[in-house]
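# Following is a predicted model, sequence given first.
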Amino acid sequence: MLEKIKTIEEKYQDLVRQMESVGDDYKRAKEIGMEKAELEDVYFKAMQYHKIFKQIEEAQQLIDGDEEEMRELAEIDLETLQPQLEKLDRELKALLVPTDPRDKRNVIMEIRAGAGGDEAALFATELFRMYSRYAEKRHWKVEVLSQNEIGIGGLKEISFLIKGNGAYSRLKFESGVHRVQRVPTTESSGRIHTSTVTVAVLAEVEEFDVEVNNNDLRIDVYISAGAGGQNVQKNATAVRITHIPTGLVVSCQDERSQLQNKLRAMSILRAKLYELEEEKRQGEFDADRKSQVGSGDRSEKIRTYNYPQNRITDHRINISSYNLPSVMDGDIDIFIDELQMRNEADRLSALGEDDD
């Protein structure tokens, strides 16, 4: 652990020197500032650790000395200092656990109806409401980026941005297939149907995080789909962007202008490209995006919402809630808290293995 702390201290001091000489390069200054901020907690906690460690060494020297009075005072100091050092040791180990650099960012969430037809689309709408209510309770802001509705109030797909400090750290565990079991309103025989909805969670990224070559893009504009009537949008404001090297396709049609839709679509595209690069660099945090979303098949699932039994089960942690209305109203911390704790325990365990 001390070797890791030393490396971080040297890196932090180097970043301080870089910040002092960065000049008017504001983009570089922001990058350095963000990197420096990520190390600050460890750096200052390490300063406290070194200070207490030195005081313990000095007290031990006095205890080993010949002066009785000084020895007694040093023993008293040692009784106070040793627990402080142990506490700092635990805190530093927790801080040294590798973290996902995306944790503090906003998130772009995508919800898509999978198996189950209209019933899946209706449940996609309910999941969108669940996440919107969760964001509202945390005083986060929700902005719809694009959506594809069906006539009965369901959603074939929807992309939306949730703005809030630490949004990604909480919602990244929602990626995967969500399975619903219930009797559809259109089912006359009362038979329970099983449908699925896929959820993907992407960290929002800054422009400088991902360089996109304009020559790699194909941009198409088209007339936004929407309700009919006299006021239907007749201008070609919807935008579809294809990233040719990867084949990624992003579209946005919810904004009023072509420029706004293009900016929204580029934001989603950058997030997806960043995700692809992050998977290559840090595969321990997220699996391939295809495994994150899955095929939408009924057999793949991270969570089941069973309406007849009023039960929601998260299959990754084997925890169930028997208050389905509350969960659908955004009370999903029962699952997120446990997923975060187990994730941190796994990372702490990995840190211990590295120290061996």
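Everything's here; your move.

# quick one: buried residues of the longest helix along the chain?
Longest helix in the chain, counting residues (DSSP state H): helix 26-63. Residues 31-32, 36, 39, 42-43, 45-46, 49, 52, 55-56, 59, 62 are the ones in helix 26-63 that count as buried (16 or more other Cβ atoms under 10 Å). The way it works is simple: take the backbone N, C-alpha and C, and place the C-beta from them, glycine included.

# so where do the strands sit in the stretch 151-300 of the chain?
155-163, 176-182, 193-203, 217-222, 238-243, 248-252 (DSSP state E, counting those that start in this stretch).

# ok and the third one relative to strand 155-163, angle-wise?
Strand 193-203 and strand 155-163 meet at an angle of 30 degrees, taking axes from the mean of the first three to the mean of the last three Cα atoms, to 10 degrees as the criterion.

# coming back round to it: what would the strands of the stretch 151-300 of the chain look like in TSV with mean pLDDT and mean neighbour count?
What follows is those, written out as TSV (pLDDT from 0 to 100; neighbours: other Cβ atoms under 10 Å):
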stretch	mean pLDDT	mean neighbour count
strand 155-163	93	20
strand 176-182	95	22
strand 193-203	93	23
strand 217-222	88	13
strand 238-243	89	20
strand 248-252	88	19
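
# Out of these, flag the one nearest E275.
strand 193-203 (5.4 Å; Cβ to Cβ).

# Could you please name the strands the closest one pairs with and the direction of each pair?
Using DSSP bridges, the strands paired with strand 193-203 are strand 107-113 (antiparallel), strand 176-182 (antiparallel).

# Serialize the ones you listed to CSV and add fields for distance to I317.
Output for the strands paired with strand 193-203, formatted as CSV (distance: least, Cβ to Cβ, whole Å):
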stretch, distance to I317
strand 107-113, 21
strand 176-182, 13
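
# quick one: which of these is nearest F128?
If you check each of the strands paired with strand 193-203 against F128 by Cβ to Cβ, strand 107-113 wins as the nearest, at 5.6 Å.

# List of residues touching that closest one?
Residues outside strand 107-113 that contact it (Cβ atoms under 8 Å, 6 or more residues apart in numbering) are 120-121, 123-124, 127-128, 131, 145, 154-162, 167-168, 171-172, 174, 195, 197-204, 267-268, 271, 293, 296.

# and with 7 Å instead?
By Cβ atoms under 7 Å, 6 or more residues apart in numbering, the residues outside strand 107-113 that reach it are 120-121, 124, 127-128, 131, 145, 154-162, 167-168, 171, 197-204, 268, 271.

# Put together JSON lines for the strands of the stretch 151-300 of the chain, with distance to Q82 on each row.
Listed next are the strands of the stretch 151-300 of the chain as JSON lines, based on distance: least, Cβ to Cβ, whole Å:
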{"stretch": "strand 155-163", "distance to Q82": "45"}
{"stretch": "strand 176-182", "distance to Q82": "46"}
{"stretch": "strand 193-203", "distance to Q82": "41"}
{"stretch": "strand 217-222", "distance to Q82": "61"}
{"stretch": "strand 238-243", "distance to Q82": "57"}
{"stretch": "strand 248-252", "distance to Q82": "55"}
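
# If anything else comes up later, I'll come back, but that's it for now.
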